[in-house]
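Peer 1: Would you be able to build a 3D model of this:
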Amino acid sequence: MAKKKVCKTCKLFVETEECPSCKGNQFSNSWQGRIYFLDTEKSYIAQKMGAKSKGEYALKVR
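Peer 2: Below is the predicted model of the structure:
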């Protein structure tokens, strides 16, 4: 099982070659912790992390 890749800019887990959230193309396979946001506008943690859309995010990216 391969590790998921994470966008270094917005910390969103992606499967494509371009991040759908920030349109970035720099990814990392080294991350720690995961969180899934269903409603980023109502989530205090999502606002602090800068998450713009629902989805799975890494808490720490190296």
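Peer 1: any low-confidence regions in this structure?
Peer 2: By pLDDT under 70, the low-scoring segments of the chain are 1-3.
Peer 1: Can you name the residues that contact the residue nearest to residue 14 when sequence neighbours are not counted?
Peer 2: Of all residues not flanking residue 14 in the chain, residue 7 sits nearest, at 5.7 Å (C-beta to C-beta, 6 or more residues apart in numbering). Every C-beta, even on glycine, is put in place using the N, C-alpha and C of the backbone. By C-beta atoms under 8 Å, 6 or more residues apart in numbering, residue 7 lies in contact with 13, 14, 19, 21, 22, 24, 26, 27.
Peer 1: Let me see the backbone angles for residue 58.
Peer 2: Main-chain torsions, residue 58, degrees, to the nearest 10: phi -90, psi 140.
Peer 1: Near it, how many other residues are there?
Peer 2: Neighbours of residue 58 under the rule other C-beta atoms under 10 Å: 23.
Peer 1: Same question for residue 13.
Peer 2: Using other C-beta under 10 Å, residue 13 has 17 neighbouring residues.
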